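Q: Provided below for reference: sequence and predicted model.
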Protein chains: 2
Amino acid sequence: MSEISEIGEFGLISRLTKDLKTINQSTIKGVGDDAAVLNFGSKQTLVTTDLLLEGVHFNLEYVPLKHLGYKAAVVNFSDIYAMNGRPTQITVGLGVSKRFSIENIEELYSGIRLACERYGVDLVGGDTCSSMTGLTIAITCLGEAKKEEIVYRSGAKLNNLICVSGNLGSAYMGLQLLERERIVLRADENASPAFEGREYLLERQLKPEARKDIIEQLRKAGIKPTAMMDISDGLSSEIMHICKASNVGCAIYEDKIPIDYQAAVLAEEMNLNIVTCALNGGEDYELVFTCSLDDYEKLIPLDDVYLVGQITKPEYGCKLIGRNGEELTLKAQGWNFDH
Amino acid sequence: MSEISEIGEFGLISRLTKDLKTINQSTIKGVGDDAAVLNFGSKQTLVTTDLLLEGVHFNLEYVPLKHLGYKAAVVNFSDIYAMNGRPTQITVGLGVSKRFSIENIEELYSGIRLACERYGVDLVGGDTCSSMTGLTIAITCLGEAKKEEIVYRSGAKLNNLICVSGNLGSAYMGLQLLERERIVLRADENASPAFEGREYLLERQLKPEARKDIIEQLRKAGIKPTAMMDISDGLSSEIMHICKASNVGCAIYEDKIPIDYQAAVLAEEMNLNIVTCALNGGEDYELVFTCSLDDYEKLIPLDDVYLVGQITKPEYGCKLIGRNGEELTLKAQGWNFDH
């Protein structure tokens, strides 16, 4: 293993960015000057940023660095898709403590670069520096969209349908599984983790994908959502954001929330309520969107898209309708400073 | 003082971004969705990012939070000016430990917002999260420029003039002063810091400005630099970057390097070589640029711009010419992982 101090900041940067190729026409100049140069001709530019901190957003005891890099990039792409845009460039800020070797950081970067390749995104710049404690990853993503294509969270209208992609709660259950096995391994070094048959949950937690495919399907089907967000803090929190921004209410039907079988089984085993996990678990990076009732016929044939509720008048509030018709008020748990 | 957990992430964000107004026409939608929406019609878009970590880039024992916010924003603007562009938007990622109160973070943000106002930049988004240890600030800045206006670091040509703005080494001397007084205060709580007559050095370290004025002067004078960078790691490191990217060499004249009187006096007092400080000290956020010999007449009347050397053939290398004509090879000290 090589110490980063052997090659210094500039050495590390040039190693990390060697052979970087640009994919997007809008990337005029990438890494290697004070700023990258981009050219978004007649399109609008989207920008989003995410900060990931060791011990808060990830635990390197069970997250491989390559997966971490992949995820750090993908969660930013997800934000751009949630605007109905296409991610085109990222910048990467890294704070690295002495505990990490050059190979470690290259591993992390290889995950970021893999994500960029898969999603057709250019890595155009960044900042790498030493840190006193642990690993810090700051990623900013730019994207583009035609003006008329952009979907804000404020456009939901009365009687709109509410849809989600994929299934919810799986990433959270993956995290619970990793946490449980970490504790088992601590108590008994020779124990082998009980991951068999649960690989899907691990993948959802460790290597999530952004739903580019859903955006493409919607476009092909001629559906433009009225409002959309990606589900990073849980459906409950996100739909409340949409309702607040759109000045509407909503009804979500408990029995319509898509849940994976493995997630449900593990929740049962761990005495967790899977619906609560699905509503508040977070990190699913699925999409939640609203669209006009007129789009109902076009929605049905879509793959992996589920109707979960409808938009109501604002006076109604944000409600979960239980299996027996009972109404519960949704709560935004999301992220908070106390965890 | 209020604990951040009282109001949670969303509460904090809405408090920090209350009454934010947008200044730039290119800002279509700022804070409040998955991504900001920008529109750079026919211009090119610049993007740069910086990561600042407590204990590495700043020490809160002597840096007021408002100044820190101001500086964190300004150093990004400086990168955009160094491309001959105009900064237009920033995103702010903050990692905050429990030790900080809401008022602390508002203080930090007030500095960021003040910098944005002064430089005409919109704050369009961000990410705020808890951190286990200390404060992390990740800022990404977007800017715009006409295609033909952008100045890369790779354009320096043989016999070009090398110029710098302002003076060099003052920010570094400001840091030395703060460090010295910190140690004195630790030893004797009742000692009062010896800052009198040295306010300028403190200001250069704590509240630097980006040289928007120099960019404007150059534009008015009809000078387009052939290469340009901002001086964040020291003149030595930056001019070597320019020479490497442009495939040229350079000669910098020791007696031409602009040095502030207070900085020189303090260096003397502290037994430091002020020229070394000026070449390698860093954090000056002045501009270094090269331009054609034909621009000589136009350069002379410019305010606060100094001719420090000339571009040579690459075989010559990067040299400092001493007061007695001796040649020394420049070294890039810049930042490294060992500090």
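A: The structure has been received and is ready for your questions.
Q: Could the C-alpha coordinates of the host helix or strand of A:Asn104 be exported in CSV?
A: Counting by DSSP states H and E, the element that carries A:Asn104 is helix A:102-119. Output of helix A:102-119 as CSV, limited to C-alpha atoms (Å, rounded to 0.1, in the frame of the first residue of the first chain):
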residue,chain,number,x,y,z
ILE,A,102,-3.6,5.7,-2.7
GLU,A,103,-5.1,2.3,-3.7
ASN,A,104,-8.1,2.9,-1.3
ILE,A,105,-8.8,6.2,-3.0
GLU,A,106,-8.4,4.7,-6.5
GLU,A,107,-10.9,2.0,-5.5
LEU,A,108,-13.4,4.7,-4.4
TYR,A,109,-12.7,6.6,-7.7
SER,A,110,-13.1,3.4,-9.8
GLY,A,111,-16.7,3.1,-8.4
ILE,A,112,-17.4,6.8,-9.2
ARG,A,113,-16.0,6.3,-12.7
LEU,A,114,-18.0,3.1,-13.3
ALA,A,115,-21.2,4.9,-12.4
CYS,A,116,-20.2,7.8,-14.7
GLU,A,117,-19.7,5.3,-17.6
ARG,A,118,-22.9,3.5,-17.0
TYR,A,119,-25.0,6.6,-16.9
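Q: what sits up against that helix?
A: Residues from elsewhere that reach helix A:102-119 (CB atoms under 8 Å, 6 or more residues apart in numbering or on different chains): A:1-4, A:6-7, A:12, A:15-16, A:20, A:64-74, A:77, A:87, A:90, A:92, A:94, A:96, A:121-123, A:128, A:135, A:137, A:139, A:210, A:212. Using the backbone N, CA and C atoms, a C-beta is placed for each residue, glycine as well.
Q: Please verify my assumption that A:Leu302 contacts A:Ala221.
A: Yes: between A:Leu302 and A:Ala221 there is a contact at 6.2 Å, judged by CB atoms under 8 Å.
Q: Tell me which stretches of chain A form helices.
A: Under the criterion DSSP state H, chain A carries helices at the ranges A:8-16, A:65-81, A:102-119, A:170-187, A:199-206, A:212-221, A:235-246, A:261-269, A:274-280, A:296-299.
Q: Tell me the residues of the stretch 51-200 of chain A that contact chain B?
A: Within the stretch 51-200 of chain A, the positions near chain B by CB under 8 Å from any CB of the partner chain are A:51, A:53-57, A:79-80, A:82-83, A:85, A:89, A:91-96, A:98, A:124-127, A:129-134, A:136, A:138, A:140-143, A:147, A:150, A:152-154.
Q: Mind checking which of these are buried?
A: When those are checked for burial by 16 or more other CB atoms under 10 Å in any protein chain shown, the buried set is A:51, A:53-54, A:56-57, A:79-80, A:82-83, A:85, A:89, A:91-96, A:124-127, A:129-131, A:133-134, A:136, A:138, A:140-143, A:150, A:152-154.
Q: got the domain boundaries for chain A?
A: Split into domains by automatic domain parsing, chain A comes to A:4-147, A:161-329.
Q: what about the longest one, distance to the chain center?
A: Centroid displacement of domain A:161-329 relative to its chain, using CA atoms, centre = their mean, to the nearest Å, is 12 Å.
Q: Compute the first-to-last residue distance for it.
A: 19 Å (CA to CA, to the nearest Å).
Q: go on, the first one?
A: From the first residue to the last, domain A:4-147 extends over 44 Å; the measure is CA to CA.
Q: Please state the offset of that domain from the chain centre?
A: 15 Å.
Q: any idea of the mean pLDDT in that domain?
A: Averaged over domain A:4-147, pLDDT sits at 86.
Q: With the last one instead?
A: Across domain A:161-329, the average pLDDT comes to 94.
Q: before we move on, the earlier item: which stretch among the domains of chain A is buried most, on average?
A: domain A:4-147 (a mean of 21; mean count of other CB atoms under 10 Å in any protein chain shown).
Q: re earlier: closest one to B:Met229 among the domains of chain A?
A: domain A:4-147 (6.0 Å; CB to CB).
Q: tell me the angle of the helix holding A:Asn104 relative to helix A:212-221?
A: 10 degrees (axes from the mean of the first three to the mean of the last three CA atoms, to 10 degrees).
Q: now the angle from helix A:102-119 to helix A:65-81?
A: Using the same axes, to 10 degrees: helix A:102-119 against helix A:65-81 is 40 degrees.
Q: so what's A:Ile90 up against?
A: A:73, A:76, A:112, A:116, A:121-124, A:139-142.
Q: Farthest pair within these?
A: Top of the distance list for these (CB to CB): A:Ile112 and A:Leu142, 15.1 Å.
Q: Give me the distance between A:Leu307 and chain B.
A: 22 Å (CB to the nearest CB, to the nearest Å).
Q: er, A:Gly166 I mean
A: Distance, A:Gly166 to chain B, by CB to the nearest CB: 17 Å.
Q: same check, this time on A:Lys43
A: A:Lys43 is 8 Å from chain B, where distance means CB to the nearest CB.
Q: wait, doesn't that residue sit right on A:Ala145?
A: Yes: judged on CB under 8 Å, A:Lys43 makes contact with A:Ala145 at a distance of 6.3 Å.
Q: re earlier: need the helices of chain A in CSV (columns: distance to A:Leu307).
A: Below are the helices of chain A laid out as CSV (distance: least, CB to CB, whole Å):
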stretch, distance to A:Leu307
helix A:8-16, 44
helix A:65-81, 20
helix A:102-119, 27
helix A:170-187, 19
helix A:199-206, 22
helix A:212-221, 14
helix A:235-246, 13
helix A:261-269, 20
helix A:274-280, 15
helix A:296-299, 7
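Q: Out of these, which is closest to A:Asn159?
A: It's helix A:296-299; of the helices of chain A, that one is closest to A:Asn159 (CB to CB) at 11.0 Å.
Q: Can you work out which other helices and strands pack against that closest one?
A: Identification of packing neighbours for helix A:296-299 by 3 or more CB pairs under 8 Å, 6 or more residues apart in numbering or on different chains; DSSP states H and E yields strand A:161-165.
Q: Pairing partners for the strand it packs on, with directions?
A: strand A:286-291 (antiparallel), strand A:305-312 (antiparallel) (DSSP bridges).
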